[in-house]
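S.K.: Let me see the structure of the following:
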Amino acid sequence: MESRISMLEFIKSRQNIHYKQVPRKVLAFYYTWYGRPENQGRWLHWSDVKPDEHDIASSTHYPAKGAYDSHDPEIINYHIDLAKRNGVDAFICTWWGQGRFDDHAFGKVLDIGEKHNFEATIYWETAPGKDEAKIAQAVNDLMYVLQKYAHHKAFLRLDGKPVIFVYGRVMEQVSISEWQEIITRTRQKYDKDFILIADGYQEGYARIFDGVHTYNICGWVQGKSPEALYELSGKSFSRSVQLAKKYGKISCITIIPGYDDTKIRKPGINAERMDGETYRILWEQAIKADPDWILITSWNEWHEGSEIEPSWEHGDKYIQMTGKYGAIFKETKYSGVGIPEGKSGLSPEKREKLRNLYKGKTIGILPGYSGEVVFWLADTGISLKELTPAEIADAGIFTADKFPVVVYAGYENYIQTFKEDGDIDRAISRYLREGGTLVALPAGPFPFFYNEKGRAVNSASRFAFPIKGGWESPPEDVKLSFHIDNNILKGLPVAAPFPSTGDLRWRPGSEEGTPKGDTYTSLAKLKDEAGKDYGDGIFFIHRKNSGKNIYAWMGMTEVLDRNDVLYAIFELALPDKGME
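M.R.: Numbering: from 1, shown residues only. A predicted model of the protein is given here:
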């Protein structure tokens, strides 16, 4: 089914929806999936329970209340009372679908929460299916939650609108270009507005959704000294709040007391609690970043050792800390971080110049985009066309004459087949032979890596992008920096350091593998202090048929000023521009 409106039209229709004064709240992720055999006929999410030894095989620590049942009203009442007395305002409850164990538990949480003047909402965990069936099921699930629970006095609301959090798994299962259809259809059926808060600090999410958050930060917390954690969390939290506020959205910062899933996963991740130091630092830096809401991962995710609920090992240490810092956070009623006035991005002069350069030209956008570049281009006012698989497969539509520049801005996926096996591959290859320019600015590590079935096909080289595997995390104690050719990428600095936070998976370009007859030019080479070459973060290929390929690693808009680097890339991408 074709979407009623394009993603860019959808964003335009919502660009004036701003959340200017959001009352402070502290929320905790809450898990309602635990069950005892006397109530459920078997253990649920507990295994090999040994009360005398204070040990549960599936739990990092041992709950002070023992292995409990999430359907037990006494347990729910205890949790909500304890949370309420220690500064937690609401639970974000795991939710896996209609009629499931956790769905039934959620109704109990709402009923008991109402007695305590305590709120709760769902954490939407999965969106099964594919294509139209997936969209229809997502709409059906949203409607179920909204119609069954959103009227409840204890359901989390802002400005009268029910609030729902969307987990990263759903964000991966649903492409960014499918969300306008899901949201639009649900609003039409529900006939009211609602709020969705996406998992992921991405530009596109901040534009599409009502707010952004992340579930877990254990990846960059692990292995950090208190000093390093203080510095990194300060930078990361501030950047996350600024991203949300840039578009007038709800800003959420997530903190953890620690994390340890090594008991259930190998090798797993262990972000040390450092006897409360981790929690203290993250609380202080979160408060300093001044978000609307602070989220705690978690109240009771015992499998991953991120719980603040009292345990045999830690007592009520983390509950007490929560009460202390939650009170400090809520000393002021609202965040003091304002929404920027006017349109951010390129200067009016550069925006006008780029529009003139592309006057009479339309840039094609490949399906499944998730990167910020598409929204950045839309802000410039350049003519864009969101291409459908049917249009790409049509040799009369998808041509270099009609779309002299085409952009890939997906995460790592792309559509390989529309009707006949590999017909999109053949269409892209035909476009390149015609002399078209293909710009790959992925939001994830490796462009064209997965097809629409989620199968690893690694097709970048098929489209003349010689990209190789690099690393999952950079080598330790090595100072890395990019050396930039600013004679070609005009306006950029000659050097910039490799980032220290965020997603640091490195997939560089390499002259090796360049198709015969094509000319490869390195534009941002990564080196260490000894001069060792780690590959290219940006490269340009002038193909033998006069077409062009340009690639930029996903982190380059963090390394360099986003406006400057994208302006330089799209100036270079013009069909009649060389490398003067």
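S.K.: can you pull the contacts of Ala244?
M.R.: For Ala244, the contacting residues are Ala206, Gly211, Val212, Ile250, Ser251, Cys252, Pro291, Asp292, by Cβ atoms under 8 Å, 6 or more residues apart in numbering. Placement of C-beta: from N, CA and C, glycine included.
S.K.: Could you do His54 as well?
M.R.: Residues near His54 by Cβ under 8 Å, 6+ apart: Tyr62, Trp312.
S.K.: burial of Pro23, as a residue count?
M.R.: Pro23: 13 surrounding residues under other Cβ atoms under 10 Å.
S.K.: hang on, it in a helix?
M.R.: No. Under the criterion used here (DSSP: H, G, I helix; E, B strand; the rest coil), Pro23 is coil, not part of a helix.
S.K.: which residues does it contact?
M.R.: Pro23 makes contacts with Leu158, Lys333, Tyr334, as judged by Cβ under 8 Å, 6+ apart.
S.K.: can you check Met143 too?
M.R.: Contacts of Met143 by Cβ under 8 Å, 6+ apart are Thr186, Lys189, Tyr190.
S.K.: Give me the secondary structure label for it.
M.R.: Using three-state DSSP, the structure places Met143 in helix.
S.K.: Following the chain onward from the longest helix seen in the chain, which element is next?
M.R.: Counting residues, the longest helix found in the chain (DSSP state H) is helix 226-246. Scanning forward in sequence from helix 226-246 by DSSP states H and E, the next helix or strand is strand 250-255.
S.K.: Show me what the helix or strand following that following strand is packed against.
M.R.: Note on strand 250-255: by DSSP H and E, the next helix or strand toward the C-terminus is strand 259-260. Packed against strand 259-260 by the contact rule (3 or more Cβ pairs under 8 Å, 6 or more residues apart in numbering; DSSP states H and E) you find strand 270-271.
S.K.: Show me the contact partners of the strand it packs on.
M.R.: Identification of contacts with strand 270-271 by Cβ under 8 Å, 6+ apart yields Cys218, Val221, Gln222, Gly223, Ile256, Gly258, Tyr259, Asp260, Asp261, Thr262, Thr278.
S.K.: what's the model's confidence in that strand, averaged?
M.R.: Per-residue pLDDT over strand 270-271 has a mean of 96.
S.K.: re earlier: what's the closest of the contacts of strand 270-271 to Pro474?
M.R.: Within the contacts of strand 270-271, proximity to Pro474 (Cβ to Cβ) peaks at Gly223, which comes in at 13.1 Å.
S.K.: Nearest spatial neighbour of that closest one, chain-adjacent residues omitted?
M.R.: Ala271 (7.8 Å; Cβ to Cβ, 6 or more residues apart in numbering).
S.K.: so how far is Ser238 from that neighbour?
M.R.: Distance of Ala271 to Ser238, given as Cβ to Cβ, to the nearest Å: 20 Å.
S.K.: Compare neighbour counts for the two and give me the winner.
M.R.: Higher neighbour count among Ala271 and Ser238: Ala271, with 25 against 17, using other Cβ under 10 Å.
S.K.: show me where the stretch 1-150 of the chain has helices.
M.R.: Under the criterion DSSP state H, counting those that start in this stretch, the stretch 1-150 of the chain contains helices at 7-14, 37-40, 73-85, 101-115, 131-149.
S.K.: What lies in contact with stretch 255-262?
M.R.: Here stretch 255-262 makes contact (Cβ under 8 Å, 6+ apart) with 60, 216-218, 221-222, 268-274, 276, 278-279, 282-283, 286, 294-298, 303-308, 318, 321.
S.K.: now do stretch 186-195
M.R.: Counting by Cβ under 8 Å, 6+ apart, 139, 142-143, 146-147, 150, 158, 161-164, 210-211, 250 sit against stretch 186-195.
S.K.: just stretch 463-475 next, same as before
M.R.: By Cβ under 8 Å, 6+ apart, the list of residues contacting stretch 463-475 reads 428-429, 432, 438, 440, 446-448, 460-461, 480, 498, 504-515, 518, 520, 534-535, 541, 543, 549, 551.
S.K.: Filter the residues you listed down to the buried ones.
M.R.: Neighbour-count burial (16 or more other Cβ atoms under 10 Å) applied to the contacts of stretch 463-475 gives 428, 432, 438, 440, 446-448, 460, 480, 498, 504-510, 514, 518, 520, 534-535, 541, 543, 549, 551.
S.K.: Tell me which of those fall in strands.
M.R.: Taking DSSP state E as the definition of strands, these contribute Leu438, Ala440, Leu480, Tyr520, Tyr534, Gly535, Ile541, Asn549, Tyr551.
S.K.: Farthest-apart pair in those residues, please.
M.R.: Maximum distance among those (Cβ to Cβ): 27.8 Å, for Leu438 and Leu480.
S.K.: The closest residue to Ser311 other than its chain neighbours and Gly223: what is the separation?
M.R.: Spatially, and ignoring its direct neighbours in sequence, Ser311 is nearest to His61 (4.2 Å; Cβ to Cβ, 6+ apart). In this view, His61 and Gly223 are 20 Å apart by Cβ to Cβ.
S.K.: cool, Pro310 as well?
M.R.: 27 Å.
S.K.: How about Ile11, nearest residue that isn't a chain neighbour?
M.R.: Excluding its sequence neighbours, the residue lying closest to Ile11 (Cβ to Cβ, 6+ apart) is Arg207, at 5.1 Å.
S.K.: buried set for the helix or strand containing the one you found?
M.R.: Element membership of Arg207 [criterion: DSSP H and E] is helix 203-208. Using 16+ other Cβ under 10 Å as the test for burial, helix 203-208 gives Glu203, Gly204, Tyr205, Ala206, Arg207, Ile208.
S.K.: Next: stretch 406-425.
M.R.: Neighbour counts over stretch 406-425 (16+ other Cβ under 10 Å) mark 406-418, 424-425 as buried.
S.K.: which one of those sits closest to Trp124?
M.R.: Using Cβ to Cβ, Tyr411 is the member of those that sits closest to Trp124, with 19.3 Å.
S.K.: Can you tell me how far the most centrally placed residue in the chain is from Phe329?
M.R.: For the chain, the residue nearest the mean C-alpha position is Gly200 (2.3 Å; Cα atoms, centre = their mean). Applying Cβ to Cβ, the value for Gly200 to Phe329 is 23 Å.
S.K.: What of Ala138?
M.R.: Using Cβ to Cβ, Ala138 is found at 33 Å from Phe329.
S.K.: Give me the more crowded residue out of the two.
M.R.: Ala138 (26 against 20).
S.K.: Need the pLDDT of that one.
M.R.: Ala138 is assigned a predicted lDDT (pLDDT) of 98.
S.K.: one step back: quick one: average confidence on the helix holding Arg207?
M.R.: 88.
S.K.: Output it as PDB, nothing but the C-alphas.
M.R.: This file holds the C-alpha atoms of helix 203-208, laid out as PDB (Å, rounded to 0.1, in the frame of the first residue of the first chain):
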ATOM      1  CA  GLU A 203      18.100  13.300  13.700                       C
ATOM      2  CA  GLY A 204      15.300  11.600  11.900                       C
ATOM      3  CA  TYR A 205      13.700  10.300  15.100                       C
ATOM      4  CA  ALA A 206      13.800  13.700  16.600                       C
ATOM      5  CA  ARG A 207      11.900  15.100  13.600                       C
ATOM      6  CA  ILE A 208       9.300  12.300  13.300                       C
END
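S.K.: switch to numbering from 557
M.R.: With the count now opening at 557, the last piece we talked about shows up as helix 759-764.
S.K.: next helix or strand past that helix?
M.R.: Per DSSP H and E, the first helix or strand lying C-terminal to helix 759-764 is strand 767-769.
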